[in-house]
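Visitor: coords below, sequence missing:
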């Protein structure tokens, strides 16, 4: 049989594919190395956290062991402590007169606000009830009569008995409301002035307390040695809390490794030598209320039910804190930390444990006192 005709320009015969193979090989090798890097480092930033933790905690324990025999009296006798103490005393003396003056004004203003509020609350309640009655009235003539009656009521004067025994006459409900709001604004302004006056004092006190905390360790040398041996033998691994009954899986302590350590760890103590606190140092600090963990064991309750965030995530800080578009419950900021108590304690009107819970309890009391529940319903609330 005659053979098939051969193409004149067969690419397999006439052209070399070596460049194509070379490019494909380079791309595959680059992809392989990228995949290996991403598998071991890119998707596991907690490994770097744990390496930093091991280095910094070991250095901290070494320093603590050398200072373990130092008593608080010896710390307070040091020159550095004395400088901080002098700065605190000076700030206190400089602010004392202004603080006393502002506090006296606040006391006087508080008494005036209470006197006006006693009258304003009743009148405002009547105005609110009348306004609602007018809005729900369907008869036009009745609505006009009620509106006229309300306008006449608003024009009636109010007599307020002030704290000094004098009586102040306010010509109308509008003037009463304006006076009340003005007094509250004055109180807010005075509170800001008090905060500014106390700011240097608070900063000096914080520096003093931090110095003592950083130099005082309440563990014996043998206990510190045990912690040091445990830290030196550490190898990177995921730390996980699993509570199947509550569907909780939290890996927060894979980065926040100092949360339950038996020594008080501050950001300053966990900073690299001679440097300011960085993200690692802030992540390695102790839980701010270690006594609270005694009645809220993390092994039973986890972390995210109180703090929110995505407790399962380990590939980035953003995802772990839930601050990205695919997570509905981001980590509570520091100023709203007590909001997490509502998860279990929504029905408790007073909730204070070891000086934690004052903000939440005061908020609930304000919610009750101001009658917010009338418009802003809260599921499970019982007055």
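Guide: Looks like it came in fine. Just so it is clear, the structure is predicted and the values come from calculations on it, not from any experiment. Residues are numbered from 1 along each chain as shown.

Visitor: surely residue 124 touches residue 181?
Guide: No: counting by Cβ atoms under 8 Å, residue 124 does not reach residue 181; the two are 11.4 Å apart. From N, CA and C alone the C-beta is placed, and that goes for glycine too.

Visitor: which one of the two is surrounded by more residues?
Guide: residue 124 (15 against 12; other Cβ atoms under 10 Å).

Visitor: and the pLDDT at the spatially most central residue of the chain?
Guide: For the chain, the residue nearest the mean C-alpha position is residue 334 (1.3 Å; Cα atoms, centre = their mean). With respect to pLDDT, residue 334 scores 86.

Visitor: repeat for residue 12
Guide: For residue 12, pLDDT reads 65.

Visitor: ok, which stretches of the stretch 201-350 of the chain are strands?
Guide: 241-243, 248-250 (DSSP state E, counting those that start in this stretch).

Visitor: what's the closest of those to residue 222?
Guide: strand 241-243 (29.0 Å; Cβ to Cβ).

Visitor: who does the closest one pair up with?
Guide: Sheet partners assigned to strand 241-243 using DSSP bridges are listed as strand 248-250 (antiparallel).

Visitor: going by neighbour count, which residues of the strand it pairs with are buried?
Guide: 248, 250 (16 or more other Cβ atoms under 10 Å).

Visitor: for that strand, what does the pLDDT average out to?
Guide: Mean predicted lDDT for strand 248-250 stands at 93.

Visitor: show me what contacts the closest residue to residue 286 other than its chain neighbours?
Guide: Closest residue to residue 286 apart from its sequence neighbours, by Cβ to Cβ, 6 or more residues apart in numbering: residue 265 at 4.5 Å. Going by Cβ atoms under 8 Å, 6 or more residues apart in numbering, residue 265 touches 57, 60, 258, 284, 285, 286.

Visitor: in this protein, which helix has the most residues?
Guide: helix 79-136 (DSSP state H).

Visitor: got the phi and psi for residue 277?
Guide: Note on residue 277: its backbone torsions stand at phi -60, psi 130 [degrees, to the nearest 10].

Visitor: residue contacts, the residue nearest to it when sequence neighbours are not counted?
Guide: Leaving out its chain neighbours, the residue that sits closest to residue 277 by Cβ to Cβ, 6+ apart is residue 267, at 3.8 Å. Neighbour list for residue 267: 277, 281, 282, 284, 285 [criterion: Cβ under 8 Å, 6+ apart].

Visitor: from those, which land in helices?
Guide: 281, 282.

Visitor: chain center to stretch 276-294, what's the gap?
Guide: 12 Å (Cα atoms, centre = their mean, to the nearest Å).

Visitor: report the rounded mean pLDDT for it.
Guide: The model assigns stretch 276-294 a mean pLDDT of 88.

Visitor: what does stretch 200-218 give?
Guide: 80.

Visitor: do the same with stretch 75-95
Guide: 88.

Visitor: what are the buried residues along stretch 308-321?
Guide: 308, 309, 310, 311, 313, 314, 319, 320, 321.

Visitor: for residue 283, see how far away the residue nearest to residue 277 is.
Guide: To residue 283, residue 267 is 9 Å away according to Cβ to Cβ, to the nearest Å.

Visitor: run through the bridge partners of the residue lying closest to residue 289 once chain neighbours are set aside.
Guide: The spatially closest residue to residue 289, leaving aside those adjacent along the chain, is residue 356, at 5.4 Å (Cβ to Cβ, 6+ apart). Beta bridges link residue 356 to residue 353 when assigned by DSSP bridges.

Visitor: just to check, residue 50 is in contact with residue 256?
Guide: No: using Cβ under 8 Å, residue 50 is not in contact with residue 256, being 11.0 Å away.

Visitor: which pair in the buried residues of stretch 308-321 spans the largest distance?
Guide: Among those, 308 and 314 lie farthest apart (Cβ to Cβ), at 16.6 Å.

Visitor: which ones among the buried residues of stretch 308-321 are found in helices?
Guide: 319, 320.

Visitor: in TSV: the buried residues of stretch 308-321, plus distance to residue 367 and pLDDT.
Guide: Compiled in TSV, the buried residues of stretch 308-321 are given as follows (distance: Cβ to Cβ, whole Å; pLDDT from 0 to 100):
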residue	distance to residue 367	pLDDT
308	21	93
309	26	94
310	29	94
311	29	92
313	33	91
314	38	90
319	34	93
320	32	94
321	28	95
